[in-house]
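S.K.: coordinates only, sequence not included:
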Ligand SMILES: Cc1cc2nc3c(=O)[nH]c(=O)nc-3n(C[C@H](O)[C@H](O)[C@H](O)COP(=O)(O)O)c2cc1C
C-alpha cells in the first residue's frame, strides 16, 4: 500500500512502544563492562544489549514473532517462533514469520560481530512446516540456535556504521526516485549479502518493473477480495494516535494521515462501508512504488524447507542494511508469493522457473522526508525473553 500525495506524517509520540529505537551505540569497552561472567562468551547484560538490536529487525505486519533463550553457559542463544503471532490469513504456512525471525537473527549476529563475537546459526534439524503454521494455543517452537564464539573486533568506523544502520533502518513504502540507477557499490553489496542456498534475481528495466507491478496488483486484488484477509490487515493497521500498542503498523508508516488511517482500517475490518473503487485502488497502490524502484529484487531457493525460509530472511536483512550505506532503502511486496496463479505467472516468465520467496524493491525516496517517517513500534525486550535470560 502507498499514498504518495498525503501530507508529511507527524513525529512519533514519546512512548515506551517506540523506546527501542533510542538504544545507545556502546563502545567495545562499555560493552565489555556489562559482563561477561566467568569465562563465558556472553554475560546476561551483554546478551540483552545485543538482543535489543535483534528487536529492531523488520517483521511481517510488525508481528515481532520471535522469542529468545540464553543458555546458562552464555555461549548459545536459542531462537523460538511464537505461533500465535503467525498471521493466519496473510501467512497460513508460516513462511513470512520464518523470514521475519531470519531478519531478527541477522540483526543479532551482526550486532554480536561488532563486539567481537561470532555467531553460527544452526537450524533445528527436524524442523518441519507443520511446526510453524499459525496456532492460537501452541506456545513457542524452537527454530534453532546461534552458537557464539570469541572473534576479532572489526575496525571502529565500520562497527559504528553497522550498528547505526540497524537503528536507522525502517521500511520505506513511498515513491522512489526513478532516475536513480543502481550504483555498482550497491550491486556488489547485494552480491556479498548472498548465502547458499538463496539466490537473488534483480530486475532493473522499466519493462520488468512494470511486469512485477502488474503481478503485484493482480495478487493484491485477489487477497483484498478475501474478507478474512481484509479484516486481519485492518486489525494490524493501527491509528496514528495509538502510542501504546507494541506491535502492528501505524498508517503514517505508509504515509497515511490520521483520518485516512482510521477510515481505511475500519473499512478493512468491515466496520464501515468500503467505497466501490477503494479496493481496486489499494490493489494498484504498489504500482507507483514498484515502477519507481532502482531495482526489484527477488530472493528464491529451489529448496523449500523452513530452514531456507529463515536464511532468506537473513539474506534480505543483510541486503537492506548493506545498501543503507549507499543511501538506499527497501520496501517488501510479498503478495505475489502468496497467490498461486500470480506466483506461477512470475515463475513462468520473470523468474525463469525459480519460485519467488521474498520480493523487495530498492531505491532512494523521491521526497527525502519519506525516508524519515516515524519508526514502527516494538514490544519491550523482556516480553521476548524466556526465563533464563529475563530472570537475571
Ligand atoms: C517477511 C516480511 C514480509 C513483509 N511483507 C510486507 C508486505 O507485503 N507489504 C508491506 O508493506 N510491508 C511488508 N513488510 C514490512 C513490514 O510490514 C515491516 O517490517 C513492519 O511493519 C515493521 O516496520 P519497519 O520495517 O519499518 O521496522 C514485510 C516484512 C517482512 C520481514
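M.R.: Structure's in. What do you need? Quick caveat, the model's predicted, so the values are computed rather than measured.
S.K.: By residue count, tell me the biggest strand in this structure.
M.R.: Assignment by DSSP state E gives strand 140-150 as the longest strand of the chain.
S.K.: if I look at residue 158, how far off is residue 165?
M.R.: For residue 158, the distance to residue 165 (C-beta to C-beta, to the nearest Å) stands at 11 Å. In short, each C-beta sits where N, CA and C put it, glycine included.
S.K.: what is in contact with those two at once?
M.R.: Counting by C-beta atoms under 8 Å, 6 or more residues apart in numbering, residue 158 and residue 165 have no contacts in common.
S.K.: neighbour count winner among those two?
M.R.: Between residue 158 and residue 165, residue 165 has the larger neighbour count (other C-beta atoms under 10 Å), namely 17 against 11.
S.K.: could you show me where the strands are in this protein, in order?
M.R.: Assigned by DSSP E, the chain shows strands spanning 66-70, 76-82, 117-123, 140-150, 199-203, 237-238, 249-250, 295-300, 329-332, 356-363.
S.K.: Would you tell me which residues of the stretch 101-250 of the chain are close to the ligand?
M.R.: Residues of the stretch 101-250 of the chain lying close to the ligand (C-beta under 6 Å from any ligand atom) are 103, 170, 171, 173, 249.
S.K.: pLDDT weak spots in this structure?
M.R.: The chain contains residues with pLDDT under 70 at 1-14, 37, 72, 138, 387-392.
S.K.: Centre-most residue in it?
M.R.: Among the residues of the chain, residue 58 comes closest to the average C-alpha position under C-alpha atoms, centre = their mean, at 2.6 Å.
S.K.: and the residue of the stretch 1-150 of the chain nearest the ligand?
M.R.: Nearest residue of the stretch 1-150 of the chain to the ligand: residue 58, at 2.8 Å (C-beta to the nearest ligand atom).
S.K.: Find the nearest non-adjacent residue to that residue, please.
M.R.: residue 103 (5.4 Å; C-beta to C-beta, 6 or more residues apart in numbering).
S.K.: Number of residues surrounding the one you found?
M.R.: Neighbour tally, residue 103, other C-beta under 10 Å: 26.
S.K.: quick one: contacts for it?
M.R.: By C-beta under 8 Å, 6+ apart, the contact list for residue 103 reads 57, 58, 59, 313, 314, 316, 317.
S.K.: Which one (most neighbours) among the residues you listed?
M.R.: For these, the largest neighbour count, defined by other C-beta under 10 Å, is 30 neighbours, found at residue 313.
S.K.: residue contacts, the closest residue to it other than its chain neighbours?
M.R.: Excluding the flanking residues, the one nearest residue 313 by C-beta to C-beta, 6+ apart is residue 102, at 2.2 Å. Each residue near residue 102 by C-beta under 8 Å, 6+ apart is listed here: 309, 310, 311, 312, 313, 314, 315, 316, 317.
S.K.: Let's see that with 7 Å instead.
M.R.: Contacts for residue 102 were tallied using C-beta atoms under 7 Å, 6 or more residues apart in numbering; they are 310, 311, 312, 313, 314.
S.K.: Then residue 246?
M.R.: 17, 377, 378, 379.
S.K.: same question, residue 112
M.R.: With C-beta under 7 Å, 6+ apart, residue 112 has these contacts: 50, 119, 148.
S.K.: just the buried members of those?
M.R.: Neighbour counting by 16 or more other C-beta atoms under 10 Å classes 50, 119, 148 among the contacts of residue 112 as buried.
S.K.: any chance of these in JSON lines, with distance to residue 212 too?
M.R.: Below are those laid out as JSON lines (distance: C-beta to C-beta, whole Å):
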{"residue": "50", "distance to residue 212": "36"}
{"residue": "119", "distance to residue 212": "34"}
{"residue": "148", "distance to residue 212": "39"}
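S.K.: just to revisit the earlier point, list the contacts of the longest strand of the chain.
M.R.: Strand 140-150 is contacted by residues 41-42, 67, 75-83, 101, 105, 108-109, 112, 116-124, 127, 131-132, 310 when judged by C-beta under 7 Å, 6+ apart.
S.K.: Emit the ChimeraX select command for whichever of the residues you listed are buried.
M.R.: Applying 16+ other C-beta under 10 Å to the contacts of strand 140-150 leaves a buried subset, and the ChimeraX line that selects it is:
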select :41,42,67,75,76,77,78,79,80,81,82,83,101,105,108,109,112,116,117,119,121,123,124,127,131,132,310
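S.K.: Make sure residue 291 is actually in contact with residue 210.
M.R.: Yes - the criterion here is C-beta atoms under 7 Å, and residue 291 meets it with residue 210 at 5.9 Å.
S.K.: domain ranges for the chain?
M.R.: Domain ranges of the chain: 16-169+385-390, 184-372, per automatic domain parsing.
S.K.: Now distance to residue 177 too, for those domains, in CSV please.
M.R.: As requested, the domains of the chain are exported to CSV (distance: least, C-beta to C-beta, whole Å):
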stretch, distance to residue 177
domain 16-169+385-390, 19
domain 184-372, 5
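S.K.: okay if I get the contacts of residue 246 as TSV plus neighbour count?
M.R.: Putting the contacts of residue 246 into TSV (neighbours: other C-beta atoms under 10 Å) gives the following:
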residue	neighbour count
17	21
377	27
378	23
379	16
